[in-house]
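*Asks:* with the sequence up front, the predicted model follows.
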Amino acid sequence: MTKLLTPTWLTLPVCVVVYAASTFAFWKTPKPVPRPMVAVVSAAVHNNDLSQYQNPEADQLVGELKEEKKRLDDREQQLNELAARLEAERGEISNSTASVQQLQADFDKNVLRIKEEEIANLKKLAKVYSAMTPDNAAVILADLDDTQIAKILVFMKEEDAAAVLESMAKKSDVAAKRTADLSERLRVAAFRNNPPTQ
């Protein structure tokens, strides 16, 4: 038999026959996957139900992502609560500022303020009105606004201012009310530096 295998032209066909016979003898055809199993896997992938196909590393990553999402949701909720609280506090501050401005405006309206540059002229006017009779001074002062009258009366002597106010109050009930308002303005007169000297 060695004589038969020695020629080179015969070796190639023998190898082909041996290869084909061994392949045929040992070949196992894979069994086809039944259609119901393919449908189950396809449905599981479609519904994101991959519990049959577990991977520990993937499960760990999914768990970490869920924890991170929960932390981010909690943080977003905290930030939303903080924004709502800041908005409420901003509203309170705005309301407080508005009420302080209103109080300041009311205070400025009710408080008689005398500036330093007005003092010299007001003292001269006070001397002039003090030299008049109370009735004549009351007639002239009645034509001025209440702020100007109060500023002049501040610099008059108490006796002279009292006589002018008394003369103004005698004219009518409206004049008496105006005199009361003037008296209140004199009470709350404020000076930028020192109170006026007589």
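*Replies:* Perfect, thanks for sending it.
*Asks:* surely L165 touches R185?
*Replies:* No - taking contacts as C-beta atoms under 8 Å, L165 lies outside contact range of R185: 11.4 Å. In short, each C-beta sits where N, CA and C put it, glycine included.
*Asks:* who's more crowded, these two?
*Replies:* Comparing L165 with R185 by other C-beta atoms under 10 Å, the one with more neighbours is L165, at 23 against 19.
*Asks:* check contacts around the more buried one.
*Replies:* For L165, the residues meeting the contact criterion (C-beta atoms under 8 Å, 6 or more residues apart in numbering) are L153, T179, L182, S183.
*Asks:* pull out the buried members of those residues.
*Replies:* L153, T179, L182 (16 or more other C-beta atoms under 10 Å).
*Asks:* in helices only, show me the residues you listed.
*Replies:* The members of those that map onto helices under DSSP state H are L153, T179, L182.
*Asks:* can you redo these as JSON lines with distance to F107 and pLDDT?
*Replies:* Conversion of those to JSON lines gives the following (distance: C-beta to C-beta, whole Å; pLDDT from 0 to 100):
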{"residue": "L153", "distance to F107": "20", "pLDDT": "88"}
{"residue": "T179", "distance to F107": "22", "pLDDT": "87"}
{"residue": "L182", "distance to F107": "18", "pLDDT": "84"}
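*Asks:* using JSON lines, lay out those together with distance to R85.
*Replies:* As requested, those are exported to JSON lines (distance: C-beta to C-beta, whole Å):
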{"residue": "L153", "distance to R85": "52"}
{"residue": "T179", "distance to R85": "53"}
{"residue": "L182", "distance to R85": "49"}
